[in-house]
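>>> after the sequence you'll find the predicted model.
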Amino acid sequence: MKPKIAFLGTGLMGAPMCRCLLKAGFELSVWNRSIVKAEALQADGATLADTPIAAVKSADVVITMLSDGPAVSDLMFDQGVAEAIAEGATRIDMSSIGADEAMEHAERHLARGVAYLDAPVSGGTKGATAGELAIMAGGAAETFAAMEPVFAAMGRATHVGPNGCGQLSKLANQVIVAITIGAVSEALILAGGGGADRAQVREALQGGFASSRILSEHGQRMVQRQFEPGGPAKFQVKDLKNALAAAERLGLDLPITRLTNELFTAMVASGKGDMDHSGLLTHLEAINGLEEEKDA
């Protein structure tokens, strides 16, 4: 028997993840703060819940995909949703939140007899749609093993350690992504500033040591000036701040991450928080007096 799943948060990432679960044959109850985003899933076979509490009451597995830690905490604990989850059920938080927050949430759920995994994802909307997300799961090994069929519908899951480690892995991912976006942006600005064709530079670099998924996919966004959000810059800032907070707690110094956070924070402050994080290019162009590139 496949477990009944309640999915809370059906936005840019949550909706395609829900469709993957439905395609895999799971019974799914969905809820979203903006009901319109959840209604579209009814045509795919999901049951629309009027409230988050109604969604989770009969669920064996409760998945959340929300914007940040405070949003998860508010929904689960301030609004009383956690109390409506049945003892013996499993809570999977696939949002990107702080590692400390994940450990606190784990303790509160486990105290009520509810298993908990922090399992953030990487792969963006493209990976979510294709069911090819990279899923980093923290929690008990036996809980992870029991949930592997659920994860398999959405992508490739790896158990990385106890609660909190899933979020630490996601923060590591976001550090690499953010720094690499900055590197690709500056590389294209440098080459273009000397008269090289940015598109051709990106093509030339694909076969060398600088080749990466960021250069391939986000580099293409930069060349084509297509900055509609797959991953909004404001969420990149949230992740970098969480990474720096975790580093401070562990007594570590991450100077490159700190500098990259300053650049993304300035980008968001300039009014570009809803732009895709690859749009950091435009912020760096502005620093260099190349704002006319916006219309290139």
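Arrived safely, thanks for sending.
>>> let me know the next secondary structure element after the lowest-mean-pLDDT helix or strand in the chain.
Using mean pLDDT, DSSP states H and E, the weakest-scoring helix or strand in the chain turns out to be helix 35-39, at a mean of 90. Sequence-wise, the next helix or strand downstream of helix 35-39 (DSSP states H and E) is strand 47-48.
>>> if I pick the closest residue to M103 other than its chain neighbours, what's in contact with it?
Sequence neighbours aside, G164 is the residue nearest to M103 in space, at 4.3 Å (criterion: CB to CB, 6 or more residues apart in numbering). Yep, even glycine has a C-beta here, placed from its N, CA and C like the rest. In this structure, G164 makes contact with A99, D100, A102, M103, A106, D118, G138, judged by CB atoms under 8 Å, 6 or more residues apart in numbering.
>>> contacting residues around the one helix or strand the fourth one maps to?
Translated: M103. If you go by DSSP H and E, M103 is part of helix 99-110. Identification of contacts with helix 99-110 by CB under 8 Å, 6+ apart yields 69, 72-73, 76-77, 82, 85, 91, 93, 97, 115-116, 118, 138-139, 163-168, 171, 242, 245-246, 249.
>>> next, the buried residues of that helix.
By neighbour count with 16 or more other CB atoms under 10 Å, helix 99-110 contains the buried residues A99, E101, A102, M103, E104, H105, A106, R108, H109, L110.
>>> for it, output the C-alpha coordinates as CSV.
The C-alpha coordinates for helix 99-110 follow below in CSV (Å, rounded to 0.1, in the frame of the first residue of the first chain):
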residue,chain,number,x,y,z
ALA,A,99,20.0,23.6,9.9
ASP,A,100,19.3,24.8,13.5
GLU,A,101,15.6,25.3,12.6
ALA,A,102,15.5,21.7,11.1
MET,A,103,17.0,20.2,14.3
GLU,A,104,14.5,22.1,16.4
HIS,A,105,11.6,21.0,14.2
ALA,A,106,12.8,17.4,14.3
GLU,A,107,12.8,17.5,18.1
ARG,A,108,9.3,18.9,18.3
HIS,A,109,7.9,16.3,15.8
LEU,A,110,9.7,13.4,17.3
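>>> report the distance from that helix to the chain centre.
Distance, stretch centre to chain centre, for helix 99-110: 18 Å (CA atoms, centre = their mean, to the nearest Å).
>>> quick check: bridge partners of R91?
R91 forms beta bridges with V62, Y116, as assigned by DSSP bridges.
>>> mind giving me the domain ranges of the protein?
As assigned by automatic domain parsing, the chain contains the domains 5-162, 168-295.
>>> pick the most deeply packed of the ones you listed.
domain 5-162 (a mean of 20; mean count of other CB atoms under 10 Å).
>>> circling back: export the contacts of G164 to TSV and append columns for distance to A38.
TSV is the format used below for the contacts of G164 (distance: CB to CB, whole Å):
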residue	distance to A38
A99	29
D100	30
A102	25
M103	29
A106	26
D118	23
G138	27
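>>> among the residues you listed, which one sits closest to T10?
D118 (19.7 Å; CB to CB).
>>> who's in contact with that closest one?
With CB under 8 Å, 6+ apart, D118 has these contacts: 93, 97, 99, 102, 105-106, 137-139, 163-167.
>>> same thing with G289?
Contacts of G289 by CB under 8 Å, 6+ apart: none found.
>>> measure G207 to Q224 for me?
20 Å (CB to CB, to the nearest Å).
>>> next: M275.
On the measure of CB to CB, M275 and Q224 end up 14 Å apart.
>>> swap in L168?
34 Å.
>>> quick one: low-confidence parts of the stretch 51-200 of the chain?
Within the stretch 51-200 of the chain, not a single segment meets pLDDT under 70.
>>> ranges for the helices of it?
52-56, 69-73, 81-84, 99-110, 124-130, 141-152, 165-193, 198-205 (DSSP state H, counting those that start in this stretch).
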